[in-house]
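[1] Provide a 3D model corresponding to the input given below.
(one chain, ligands or ions: 1)
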Amino acid sequence: MSWDALFPPAVTQHLHTWTAHLPPTDIQILILLSLLALIPFLPRPSFLRTTVRTTSLPGPRNTSLLFGLYRHINESPDPGLVYERWAEKYGPAYVVPGGFGSKRVVICDPRANAHFYARETFGYVQTKLSRVFIENLFGRGLLWAEGESHKRQRKALTPAFSNAAIRKLTTVFFDSAYKMKAIWDAKIDASTTDDIILDVQIWMNHISLDSIGIAGFSHNFGALDGNNTPVVDVFDSFASSDTSFLSKLVFFLGPVFPMLQNLPTKQNRMFKRLRTTMGGIADELMSRDRGMGEEEGGGTGARKEEKSIIGLLLKAEDKSSSLAMTQEEILAQVNVLLLAGYETTSISLTWALIELCRRPDKQQRLRDELSQFSASTDPTWEQLSTGLPYLDAIVQEVLRLHPPVEETTRVAAQDDIIPFSTPFSSPSSPSGTSSSTSLVIAKGTIITSPIRALNRSEALWGPTAKEFVPERWLDDMGGVHLKAKEIVGHRHILTFSDGPRTCLGKGFALVNFKATLSVLIRNYVFAFPGGVDTKIEKHPSILPRPKVAGEVGARVPLRVGRVDS
Ligand code: HEM
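    Down below sits the predicted model:
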């Protein structure tokens, strides 16, 4: 079969160039895709048609039939900037074309975003692609569930994330940080120089995995001890990217053909390995604590700590409870909590160290604030939460500039009208372009909230929006920019998203982040071996990670020396 039968000459020329480099299996997959590609152009059956039409919106022109502009966005060094520039050109609502005639509406207005997030899980739900992806990666747990099922699962887990529960975990976070300190100290002692070079990204991975393991599941993965357990291996392997043509194809065509997520690409095989490994761990953790409860009369062990994550999961096995979960849901929660907690925390800590290397003056100011604690005392939960304004400002600024989850994409489960505070333009009116503050959304429309763009928008945060300025969170700088106050997420940033799906582990993450960073900055001085202007690039992984330009893999080597050396 020839491409020429399917596509016009301009397209076939591109396809011939590509396929010349592809093995036969990839060609077969491309042929299959081409046939599937015709589906969107077939007339839709009447029962799928809706009488409501999404307001027609302006937007960038499509440049690729196969990938639309999704590849352009994803492969850009700063996808947030791409969205921001389009917002400046087309207004706070615009359409971005995807592959094969698909498209999504991007909303860049604070009020529109508040409305969108508030309606998550009922009005706006995971796209088919996300559901396949989430199911492959985590299973059918909290992240996969919608509506009432999501509500029930979330209610069952919420007590583990109360302030009282997190306060008790503070010592766990410090214990992990001191364990890492002991290892680093030994390395420095063994070195002939005063400082050593460490790839901090891998260390932040290991401390994040150990902290969530112990705090959430009373399980020590031993990543800091150098254990090469399967789970550590699998997590580490995420930092290596899969840049094969097939993987790219699957990634970019996924929005149109979600089932492609099931093809055996390197990344999908990695996800499968993770699921199998995690399934084994989840089973082991649950049966260990289930056994403990039975042996000790059901009133001890994990059951005694009923408000811990594992305690609540065990409780959810009780079928008579209104918050009962199926075994599949319970195992999926273990995956969600481990992966959601590990990946995001590790990326944020790495970015914090990068920003503090770029600005040694700010690193020193943080150290000065922390100098009120002697070698044998650490900040309490209260101090970490509200008593250390510069630490808080640093953490908040890192989360604003580098949100690990860069956007939220959902599909409208019902027709809706999204209110805007700033009028957007629509070319649909009979008299030409009109402006409006009500965006009509038809069921089935895909919507994107560009988190990174909103967190770093000059229109919202002022001229220093792209700079690392922790002082903006302090009163002496007059606080957050007036316009940014219209954003309703956690302290006017959307890093933890918002609404019914807002990050469940936010309190856990913030205290862990602050406890770990406080130990690191009190004890070590960090610097780029290549100087403050060292270039940082994006490294594709489950979530994009930072890397020092020129390094192989997601490596961030930093010079680490003792504070008093
Ligand atoms: C800096 C650290 C973190 C960031 C930036 C972050 C961010 C987010 C975001 C943006 C979402 C929404 C995802 C979506 O709707 O698609 C989310 C959900 C979630 N996060 Fe986090 N997260 C962090 C740490 C954690 C930690 C440490 C845990 C657990 C220990 C956790 C548990 C969860 C869970 C369970 C959900 C799903 C909530 C739901 O669907 O109802 N997160 N997180």
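[2] near the ligand at all, stretch 450-466?
    No. Between stretch 450-466 and the ligand, judged by CB under 6 Å from any ligand atom, nothing touches; the nearest distance is 7.1 Å. To be clear about C-beta, it is placed using only N, CA and C from the backbone, and glycine gets the same treatment.
[3] And that stretch, what's buried?
    By 16 or more other CB atoms under 10 Å, the buried positions in stretch 450-466 come out as 450, 451, 452, 453, 454, 455, 456, 457, 459, 460, 461, 465.
[4] Mind telling me the two of the residues you listed farthest from one another?
    By the measure CB to CB, 451 and 459 form the most distant pair in these, at 15.3 Å.
[5] returning to that earlier point: let's have the buried residues of stretch 450-466 in JSON lines, adding secondary structure.
    Putting these into JSON lines (DSSP: H, G, I helix; E, B strand; the rest coil) gives the following:
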{"residue": "450", "secondary structure": "coil"}
{"residue": "451", "secondary structure": "helix"}
{"residue": "452", "secondary structure": "helix"}
{"residue": "453", "secondary structure": "helix"}
{"residue": "454", "secondary structure": "helix"}
{"residue": "455", "secondary structure": "helix"}
{"residue": "456", "secondary structure": "coil"}
{"residue": "457", "secondary structure": "coil"}
{"residue": "459", "secondary structure": "helix"}
{"residue": "460", "secondary structure": "helix"}
{"residue": "461", "secondary structure": "helix"}
{"residue": "465", "secondary structure": "coil"}
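[6] Nearest the geometric middle of this protein, what residue?
    In the chain, the centroid-proximal residue (CA atoms, centre = their mean) is residue 405; its distance is 2.9 Å.
[7] any idea which helix or strand of this structure has the worst average confidence?
    Sorting the helices and strands of the chain by mean pLDDT, DSSP states H and E puts helix 9-19 at the bottom, at a mean of 37.
[8] Throw the buried residues of stretch 450-466 into JSON lines and include pLDDT and distance to residue 416, thanks.
    Below are these laid out as JSON lines (pLDDT from 0 to 100; distance: CB to CB, whole Å):
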{"residue": "450", "pLDDT": "98", "distance to residue 416": "19"}
{"residue": "451", "pLDDT": "98", "distance to residue 416": "20"}
{"residue": "452", "pLDDT": "98", "distance to residue 416": "24"}
{"residue": "453", "pLDDT": "98", "distance to residue 416": "22"}
{"residue": "454", "pLDDT": "98", "distance to residue 416": "20"}
{"residue": "455", "pLDDT": "97", "distance to residue 416": "24"}
{"residue": "456", "pLDDT": "97", "distance to residue 416": "27"}
{"residue": "457", "pLDDT": "96", "distance to residue 416": "24"}
{"residue": "459", "pLDDT": "94", "distance to residue 416": "25"}
{"residue": "460", "pLDDT": "94", "distance to residue 416": "24"}
{"residue": "461", "pLDDT": "94", "distance to residue 416": "28"}
{"residue": "465", "pLDDT": "96", "distance to residue 416": "30"}
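[9] Quick check: the residue of this protein nearest the ligand.
    Nearest residue of the chain to the ligand: residue 505, at 2.1 Å (CB to the nearest ligand atom).
[10] The spatially closest residue to that residue that is not a sequence neighbour: how many residues sit nearby?
    Using CB to CB, 6 or more residues apart in numbering and skipping residues adjacent in sequence, the residue nearest residue 505 is residue 341, 5.4 Å away. By the criterion of other CB atoms under 10 Å, residue 341 has 24 neighbours.
[11] do residue 487 as well
    For residue 487, the neighbour count with other CB under 10 Å is 22.
[12] Tell me where the stretch 401-550 of the chain has strands.
    For the stretch 401-550 of the chain, applying DSSP state E, counting those that start in this stretch gives strands covering 408-412, 416-429, 432-441, 446-449, 524-527, 536-539, 545-548.
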